[in-house]
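Colleague: here is a sequence together with a model predicted from it:
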There are 2 protein chains.
Amino acid sequence: MTSRLRLTVSYDGAGFRGFAAQPGQRTVAGELAGAIATVVGHRVELVCAGRTDAGVHAKGQVVHVDVREGVDSARLVRSVNTLLKPSIVVRSAEVAPAGFDARRSARARRYRYLILEDQTPDPLLAPLSWHVPGPLDLRAMASAADALLGEHDFRAFCRRVPGTEPGTPIPRRVLDARFAEVPVRPGELGPGGRLLRFDIEATSFCHQMVRSLVGTLVEVGRGRRRASDVNWMLQSGDRSRVGGVIAPPQGLCLLEVDYGG
Amino acid sequence: MTSRLRLTVSYDGAGFRGFAAQPGQRTVAGELAGAIATVVGHRVELVCAGRTDAGVHAKGQVVHVDVREGVDSARLVRSVNTLLKPSIVVRSAEVAPAGFDARRSARARRYRYLILEDQTPDPLLAPLSWHVPGPLDLRAMASAADALLGEHDFRAFCRRVPGTEPGTPIPRRVLDARFAEVPVRPGELGPGGRLLRFDIEATSFCHQMVRSLVGTLVEVGRGRRRASDVNWMLQSGDRSRVGGVIAPPQGLCLLEVDYGG
């Protein structure tokens, strides 16, 4: 008999080849499954809510894992964290409700992307943000982000799903997409420098969707594209029109997963 | 003929054996002097306002350097940053006022120490903070910090200055010393978790002073010492009474240097 645990996991994506286990690569799932197996005494498989790419961080990734009955979840958390901290930390573990699946039960995922708009980079923000010298037209970026709300075919902003025909639509529903300025101490950034965050929530995401969107939105902010371009990119479904500007992974973080209730 | 430049420098202390140049070690001064020499075409020596230890960060370290006349400081900044970013970044460079010395002209230095009080560590805050499971009595810590204000002999909280007799007083004037809670998004930390910052400004600091003070203040917060103990530690001047709790380097950051005016 096994019981299914639901884990909430944070990690620093630097130093991992993404979440999903890959033979011979240091991945979050590989490290986590290895540590859990060591503690519970048998092999385990992990299913996560959002498969983050190499270098992408997580505050509230959700994972399910089936373990032999009788495992003390609080002790499991302590033991796994002793093995993996500080780069991977299990924040909580509990017995999952009946029928729970970390991927299929999720109603929505929320990601955050940090952009440092400043003349000079910042060594302490560099591991967590994309440095863009600017200036960025935040109003135009916000206007372009508005166009993402609702259900659209995000094919132009995604890698093709393996095993599907070219041109297969990739419909996704965006629930929230907004920019905000993160308050920082006066003098902490250069003159006119700003730390911007882009928060986006959708029922689900396709591969590289947030980074493709942010890459395009920053092009809008730089004045290299118009805010209205985002509309026809969505309508065209043509990835070549997006122009291949993909925001770097270290600015992205999976914030939380919504399971309703 | 040379001209003296004043540089404001940020760095991520991880990966450096501190600021001061040491043969065969990767240090901030070593990397920075090497990059400047490459750009200006002659060897240079650096003098800094605060010699940070291995692993300690800086937002606003100030450095002076004498370079041949005619060096374009804006271009120097760009070239040096291209060589060293993102771990070291020169935020600004300007011709220094007559008689300026980054160390001797400084009126005060301000440091910040970050403490994550939470049941579990945080992978993204780990490089910038000291994780303390808590609970911490913040009121007792604030009260103990008050005792630091003004001029005291900080011998109990410092390593002996090389070349001085044991028992030589180390008087320092503390201008500000306070704890505050850093606002974080709801749900970002565990239940009851807090991110605390300790800001301290003094005319100057002795070696490991901030980390020794924070180590002791956290002992007060944990209830292992009383807030009033800090008074007799200062009066006794006896380092052995401090008990050797030295806060780890990654929580510490040199925020800024005050030159008056």
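Modeller: Perfect, thanks for sending it. The structure displayed is predicted, hence computed values, not measured ones.

Colleague: quick one, phi psi at the residue nearest to residue A:159 when sequence neighbours are not counted?
Modeller: Spatially, and ignoring its direct neighbours in sequence, residue A:159 is nearest to residue A:207 (4.3 Å; C-beta to C-beta, 6 or more residues apart in numbering or on different chains). The way it works is simple: take the backbone N, C-alpha and C, and place the C-beta from them, glycine included. Main-chain dihedrals, residue A:207, degrees, to the nearest 10: phi -60, psi 130.

Colleague: so residue A:207 touches residue A:161, yeah?
Modeller: Yes. If you go by C-beta atoms under 8 Å, residue A:207 and residue A:161 touch, sitting 7.3 Å apart.

Colleague: and the two? which has more neighbours close in?
Modeller: Higher neighbour count among residue A:207 and residue A:161: residue A:207, with 15 against 12, using other C-beta atoms under 10 Å in any protein chain shown.

Colleague: how near is the more buried one to residue A:172?
Modeller: 11 Å (C-beta to C-beta, to the nearest Å).

Colleague: go on, residue A:120?
Modeller: Distance, residue A:120 to residue A:172, using C-beta to C-beta: 36 Å.

Colleague: how about the residues of chain A by chain B?
Modeller: Proximity of chain A to chain B (C-beta under 8 Å from any C-beta of the partner chain) is limited to residues A:10-12, A:57, A:59-60, A:77, A:81, A:85-92, A:120-124, A:126-128, A:131, A:187-188, A:190, A:253, A:256.

Colleague: mind checking which of those residues are buried?
Modeller: The neighbour-count criterion (16 or more other C-beta atoms under 10 Å in any protein chain shown) marks A:10-12, A:57, A:59-60, A:77, A:81, A:85-92, A:120-124, A:126-128, A:131, A:188, A:190, A:253, A:256 among those as buried.

Colleague: now do the helices in chain A.
Modeller: Secondary structure of chain A by DSSP state H: the helices cover A:28-40, A:73-84, A:138-146, A:209-221, A:229-236, A:239-242.

Colleague: please identify the deepest-packed of those.
Modeller: Each of the helices of chain A was scored by mean neighbour count; the highest is helix A:209-221, a mean of 24, by mean count of other C-beta atoms under 10 Å in any protein chain shown.

Colleague: export that helix as PDB, just CAs?
Modeller: Provided in PDB are the C-alpha atoms of helix A:209-221 (Å, rounded to 0.1, in the frame of the first residue of the first chain):
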ATOM      1  CA  MET A 209       5.600  30.700 -23.200                       C
ATOM      2  CA  VAL A 210       6.300  33.100 -20.400                       C
ATOM      3  CA  ARG A 211       9.900  33.800 -21.600                       C
ATOM      4  CA  SER A 212       8.700  34.300 -25.200                       C
ATOM      5  CA  LEU A 213       6.000  36.700 -24.100                       C
ATOM      6  CA  VAL A 214       8.400  38.600 -21.900                       C
ATOM      7  CA  GLY A 215      10.900  38.800 -24.700                       C
ATOM      8  CA  THR A 216       8.200  40.300 -27.000                       C
ATOM      9  CA  LEU A 217       6.900  42.700 -24.300                       C
ATOM     10  CA  VAL A 218      10.400  44.000 -23.700                       C
ATOM     11  CA  GLU A 219      10.700  44.600 -27.400                       C
ATOM     12  CA  VAL A 220       7.500  46.700 -27.200                       C
ATOM     13  CA  GLY A 221       9.000  48.500 -24.200                       C
END
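
Colleague: average pLDDT across that helix?
Modeller: Averaging pLDDT along helix A:209-221 yields 96.

Colleague: got it, and stretch A:187-196?
Modeller: Mean predicted lDDT for stretch A:187-196 stands at 85.

Colleague: nearest spatial neighbour of residue A:242, skipping sequence neighbours?
Modeller: Leaving aside its chain neighbours, residue A:242 sits nearest to residue A:156 (5.3 Å; criterion: C-beta to C-beta, 6+ apart).

Colleague: where's the one you found relative to chain B, distance?
Modeller: 31 Å (C-beta to the nearest C-beta, to the nearest Å).

Colleague: and for that residue, the neighbour number?
Modeller: Neighbour number of residue A:156 under other C-beta under 10 Å is 22.

Colleague: equivalent analysis for residue A:17, please.
Modeller: For residue A:17, the count of nearby residues is 17 (other C-beta under 10 Å).

Colleague: so the residue nearest to residue A:159 versus chain B, what's the distance?
Modeller: Separation of residue A:207 from chain B (C-beta to the nearest C-beta) stands at 23 Å.

Colleague: quick one, domains of chain A?
Modeller: Per the record, chain A has its domains at A:2-95, A:108-258, by automatic domain parsing.

Colleague: least confident of these, on average?
Modeller: Note on those: domain A:108-258 shows the lowest mean pLDDT, a mean of 92.

Colleague: please state the offset of it from the chain centre?
Modeller: 11 Å (C-alpha atoms, centre = their mean, to the nearest Å).

Colleague: the spatially closest residue to residue A:232 that is not a sequence neighbour: what's it in contact with?
Modeller: Of all residues not flanking residue A:232 in the chain, residue A:241 sits nearest, at 7.7 Å (C-beta to C-beta, 6+ apart). By C-beta atoms under 8 Å, 6 or more residues apart in numbering or on different chains, the contact set of residue A:241 is A:156, A:232-233.

Colleague: only alpha carbons, please: show stretch A:190-207 as PDB.
Modeller: Backbone C-alpha positions of stretch A:190-207 (Å, rounded to 0.1, in the frame of the first residue of the first chain) are rendered in PDB as follows:
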ATOM      1  CA  GLY A 190      21.000  54.000 -10.800                       C
ATOM      2  CA  PRO A 191      19.200  57.200 -11.700                       C
ATOM      3  CA  GLY A 192      15.900  56.300 -13.400                       C
ATOM      4  CA  GLY A 193      16.500  52.600 -12.700                       C
ATOM      5  CA  ARG A 194      13.500  50.400 -11.900                       C
ATOM      6  CA  LEU A 195      12.900  46.900 -10.900                       C
ATOM      7  CA  LEU A 196       9.800  45.600 -12.800                       C
ATOM      8  CA  ARG A 197       7.800  42.500 -12.300                       C
ATOM      9  CA  PHE A 198       5.500  40.800 -14.700                       C
ATOM     10  CA  ASP A 199       3.000  38.500 -13.100                       C
ATOM     11  CA  ILE A 200       1.100  36.100 -15.300                       C
ATOM     12  CA  GLU A 201      -1.500  33.500 -14.300                       C
ATOM     13  CA  ALA A 202      -3.000  31.000 -16.800                       C
ATOM     14  CA  THR A 203      -4.900  27.700 -16.600                       C
ATOM     15  CA  SER A 204      -1.700  26.200 -18.100                       C
ATOM     16  CA  PHE A 205       1.300  27.200 -20.000                       C
ATOM     17  CA  CYS A 206       3.100  25.800 -23.000                       C
ATOM     18  CA  HIS A 207       6.900  25.400 -23.400                       C
END
